[in-house]
Structures are given as C-alpha cells and as structure tokens.
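> Sequence and predicted structure below; questions after.
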Amino acid sequence: MNRPRIVLQDVCKEFSTPNGPMLSAVAGISLTVDDGEFVAIIGPSGCGKTTLLNMIAGFEQASSGSITLDGKLVTGPGAERGVIFQEYGVFPWLNVWDNIAFGLSLRASRVPRREHEEIIRRYVDLMGLRGFEDAYPKTLSGGMKQRLALARAYAVRPQFLLMDEPFGALDAQTRTAMQDLLLQVLESEGKTVVLITHSVDEALYLSSRVVVITARPARVRTVIPVPFPYPRREEIRREASFAELQYSVREMVMREYAAQQLQRIEVAEREDSQGASA
C-alpha cells in the first residue's frame with residue numbers, strides 16, 4: 001500500500017473583500033496524495049486551484065481544515081517542497097550556473113561545498129543546459145528558462161514538486177518537449193508531484209490521477225485514475241482510449257467553465273443593479 005504524503009482534510013479558504021462579505025475560494029476539499037504519485041488538478045480559471053496549491057506550499061494558510069505533509073501540519077514554506085510557477089521563477093541577475101547554485105547555499109538545503117559542483121553539473125546536463133552555464137536568463141528561450149527553473153528546483157532535492165501551470169507560457173512544440181523532459185527526470189529522480197494545469201491533454205499525459213475542481217468555490221467534483229502505465233511516450237496520445245478519456249474529462253471541465261462564466265455574469269448584473277440603486 002502506498003504511503004500517504006500530502007493530506008488535505010476539509011480545507012476551506014476565504015478572503016475578505018472591499019464590499020464586506022467574505023469571498024469563498026476553496027470550500028471543503030479533502031484529498032490524499034500518496035508517495036511518488038503525480039496528481040494533476042484541473043478546473044476553470046479563477047476557481048481556486050492556485051490558492052489550493054499555495055496552501056500546500058505554505059504561502060497561504062487555510063481558513064479552516066488542515067493540510068499535513070507526512071503527518072505534520074503545514075504552517076509555512078519548507079525546503080522539502082519545490083515550487084515552480086508559470087513565470088519561470090529564475091533570478092535575472094544570476095547566470096545559469098549561479099541560479100542553480102542559489103538554493104544550495106541556503107540554510108534549509110545547504111550541502112557541503114565540495115558537492116556543489118557535482119550537483120550543479122548533474123542538473124545542467126540533465127536539463128540540456130551544457131554550454132549555457134555563463135548565460136543570463138534574458139538570453140535564453142522560454143523553454144530554456146523553464147528548464148533552468150526545473151534544474152534549480154531539483155538541485156535542492158525536494159521531496160515534493162508543486163507546479164502551477166509551469167508550461168502554460170510555452171509554444172505547443174516546446175510544451176510537449178518540456179512534458180517529456182519532466183517525465184524523464186521523474187523516471188530517474190522520483191518525486192511526489194501536484195500539478196495545476198488548464199490542459200486536459202497535459203493532465204492525462206503526465207499524471208496518475210486527475211482531480212477535476214468545480215467552479216468557485218473550489219470543491220472536488222471527481223477524481224479520475226489515469227489508466228496508462230509509466231513510462232509514458234508520445235505515442236499514447238494517438239490511442240483511442242486516450243482520446244476517449246480526454247473527451248470525457250474535457251466535457252466535465254467545460255461544464256465547470258460554463259458555471260464559472262455564469263457566476264461572473266450574475267456578479268456583474270448584481271453590481272450593476274447596486275450601482276443603479278445607489
């Protein structure tokens with residue numbers, strides 16, 4: 001039996017608003033992510049997916065409920081969690097080598113100096129960045145910047161990888177290449193991964209389970225086991241079973257998109273009505 005690593009129990013998150021009433025972003029989510037599992041979370045824009053990931057990362061605190069890692073309550077960020085954002089998350093004033101080295105000098109993930117070069121070289125090679133060690137991010141393509149972000153996150157050897165639309169800003173070909181690279185890295189390294197994505201194709205290609213989230217406030221609509229074995233290869237996308245599952249999941253997600261759009265229309269009409277009566 002797989003060991004539970006990340007456990008969310010009836011997690012809720014509310015934000016105050018300028019108009020007074022609290023805004024419910026996440027409402028009663030319970031979810032368990034097992035050791036070595038790759039879970040993709042998908043749902044409409046603005047439904048609360050990123051808020052959920054930020055709470056797992058420790059950047060935000062739940063209003064109620066609990067989030068634990070290996071049985072310990074999450075109260076803030078930690079070195080055991082590597083977080084990768086869509087905006088690359090690299091330091092523009094540091095070159096490739098120093099970007100990867102940065103985390104190794106921090107107190108929480110410090111390693112002996114003699115190991116620095118070995119670790120950095122490993123991830124430079126693994127991410128296809130050899131020859132660019134002295135290059136600065138402004139000279140790199142989007143795909144190379146994201147490979148650098150992955151290298152920096154991996155260099156500190158996190159147990160958990162939390163990814164928020166990491167390939168969303170890339171063109172289709174580069175995005176596919178980055179997905180394959182991520183799968184190759186996970187084959188050799190192994191991590192427990194939570195991925196936020198808007199792409200049904202990406203969710204099914206990468207993950208072992210897909211969690212479909214409702215329109216705001218975020219709730220778990222359904223959890224779908226992905227039946228395709230690892231290692232995954234591009235050919236799987238051409239299988240009829242992949243296409244059928246993709247269609248089914250997309251239909252669920254699109255219904256939640258429609259519900260989210262209806263919410264926005266209702267809010268706009270309510271605000272217009274309040275403005276007219278003021």
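Thanks, I have the structure now.
> nearest residue to D180 other than its sequence neighbours?
Nearest non-adjacent residue to D180, counting by Cβ to Cβ, 6 or more residues apart in numbering: E234, 7.0 Å away. Where you see a C-beta, it was placed from the backbone N, CA and C, and this is true even at glycine.
> What does the pLDDT read for the one you found?
E234 is assigned 90 on the pLDDT scale.
> What of T50?
92.
> OK, contacts around it?
Residues in contact with T50 (Cβ atoms under 8 Å, 6 or more residues apart in numbering) are D164, I196.
> Q179 is in contact with the residue nearest to D180, correct?
No. With contacts counted by Cβ atoms under 8 Å, E234 stays clear of Q179, the gap being 9.1 Å.
> Which one of the two is surrounded by more residues?
Neighbour count, other Cβ atoms under 10 Å: between E234 and Q179, Q179 has more, with 20 against 10.
> so where is the stretch 101-250 of the chain shaky, pLDDT-wise?
106-111 (pLDDT under 70).
> What segments of it are helices?
With DSSP state H, counting those that start in this stretch, the ranges of helices along the stretch 101-250 of the chain come out as 113-126, 142-155, 172-189, 200-206, 240-277.
> Distance from the chain centre to the fourth one, please.
Right, the one you point to is helix 200-206. Put simply, helix 200-206 sits 13 Å off its chain's centre (Cα atoms, centre = their mean, to the nearest Å).
> Which other helices and strands does that helix contact?
strand 38-42, helix 172-189, strand 192-197, helix 240-277 (3 or more Cβ pairs under 8 Å, 6 or more residues apart in numbering; DSSP states H and E).
> CSV for the ones you listed, including distance to M55?
Listed next are those as CSV, based on distance: least, Cβ to Cβ, whole Å:
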stretch, distance to M55
strand 38-42, 12
helix 172-189, 23
strand 192-197, 11
helix 240-277, 20
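> Figure out which of the ones you listed is closest to L204.
The stretch from the helices and strands packed on helix 200-206 with the least distance to L204 (Cβ to Cβ) is helix 240-277; that distance is 5.8 Å.
> Domain-wise, how is the protein divided?
Taking automatic domain parsing as the reference, the chain has its domains at 36-60+159-277, 89-158.
> can you list those domains in JSON lines and add distance to N2?
Shown next, in JSON lines, are these (distance: least, Cβ to Cβ, whole Å):
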{"stretch": "domain 36-60+159-277", "distance to N2": "7"}
{"stretch": "domain 89-158", "distance to N2": "19"}
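> Out of those domains, which is closest to S16?
Of the domains of the chain, nearest to S16 by Cβ to Cβ is domain 36-60+159-277, at 13.4 Å.
> pretty sure G65 is touching C12, no?
Yes. Here G65 reaches C12: they are 5.5 Å apart, a contact under Cβ under 8 Å.
> I'd like to know which of the domains of the chain is closest to G82.
Closest among those, once you apply Cβ to Cβ, is domain 89-158, at 3.5 Å.
> what distance separates the start and the end of that closest one?
Separation of the first and last residues of domain 89-158 by Cα to Cα, to the nearest Å is 16 Å.
> sorry, back to before: any chance of the helices of the stretch 101-250 of the chain in JSON lines, plus distance to F38?
Supplementary listing: the helices of the stretch 101-250 of the chain in JSON lines, determined by distance: least, Cβ to Cβ, whole Å:
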{"stretch": "helix 113-126", "distance to F38": "18"}
{"stretch": "helix 142-155", "distance to F38": "15"}
{"stretch": "helix 172-189", "distance to F38": "7"}
{"stretch": "helix 200-206", "distance to F38": "6"}
{"stretch": "helix 240-277", "distance to F38": "16"}
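> Out of those helices, which is closest to G43?
Comparing those under Cβ to Cβ, the one sitting nearest is helix 240-277, at 5.7 Å.
> which parts of the closest one are buried?
Neighbour counts over helix 240-277 (16 or more other Cβ atoms under 10 Å) mark F242, L245, Q246, V249, R250, M252, V253, E256, Y257, Q260 as buried.
> and for G65 and C12, which residues touch both?
Common neighbours of G65 and C12 (Cβ under 8 Å, 6+ apart) are G28, I29.
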